[in-house]
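Peer 1: Structure of the sequence below:
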Amino acid sequence: MGACQETQAVAACYELVFELDKHMVQDPIFIPRTWRSEWVTLLVAAGGALAATVFTYSALGAALNHEILREQLGFGLELAALIWIFPLAALLRAAYGVYNVRYSLDHHAIEVRSGRLAWSLLITRIRYQDIRSIETRQSVVDQVLGIGRIEIGTAASSGAEVLLSGIADPRRVQQAIQEERSNLEND
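Peer 2: Numbering: from 1, shown residues only. As a prediction, the model looks like this:
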């Protein structure tokens, strides 16, 4: 094989690799929910922990200092232990809210996996060419915390078909989605 033929073969190979690389599915970008999105639940957990601490301290102090009172408050320590269930349940609820949903973007679609910690998993995948509207919503508290939600609508539904809630910097994510849509239209 001559030098010219080898060069043409290598060039053809590079063109093929470039074309395959351009059309291959690349690693998706994962957009996590933030713990800041569960601020109300975390506030309830902190308040419950404070109340449980005060009650446990008072019940334990009363039971240790006064034997007669301990006989009358025989349920105090057990109740103090039961009160700790509420802040722990609030923390578990916050963790469930953060880890039960997974958002991902690749070069072709947006995917929402909800129910990752539940009995059933719901996967919603919307291709960029099917998207008709992308709206970002942030309350005043969300703006202070730097979180928000993105509502994505398609022609198949009248409202938002996909909701990416509790994500950090939603405007940047919205811009990334719009860039992927425009890149897809330009190809």
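Peer 1: Could you list the low-pLDDT ranges of this protein?
Peer 2: By pLDDT under 70, the low-scoring segments of the chain are 1-26, 59-80, 187.
Peer 1: most centrally placed residue in it?
Peer 2: The centroid of the chain falls nearest to Arg33 when counting by CA atoms, centre = their mean (2.3 Å).
Peer 1: Relative to Phe55, how far out is it?
Peer 2: Distance from Arg33 to Phe55, counting by CB to CB, to the nearest Å: 32 Å. For every residue, glycine as well, the C-beta is placed using N, CA and C.
Peer 1: circling back: ok, what's across the strand from the residue nearest to the centre of the chain?
Peer 2: When assigned by DSSP bridges, Arg33 has beta-bridge partners Ile167.
Peer 1: Contacts only, for it.
Peer 2: 97-99, 101, 103, 165-167 (CB atoms under 8 Å, 6 or more residues apart in numbering).
Peer 1: hmm, 10 Å instead?
Peer 2: Neighbour list for Arg33: 97-103, 147, 164-168 [criterion: CB atoms under 10 Å, 6 or more residues apart in numbering].
Peer 1: List only those of these flagged as buried.
Peer 2: Neighbour-count burial (16 or more other CB atoms under 10 Å) applied to these gives 97-98, 101-103, 147, 164-168.
Peer 1: Surely Gln129 touches Asn183?
Peer 2: No: using CB atoms under 10 Å, Gln129 makes no contact with Asn183, being 11.5 Å away.
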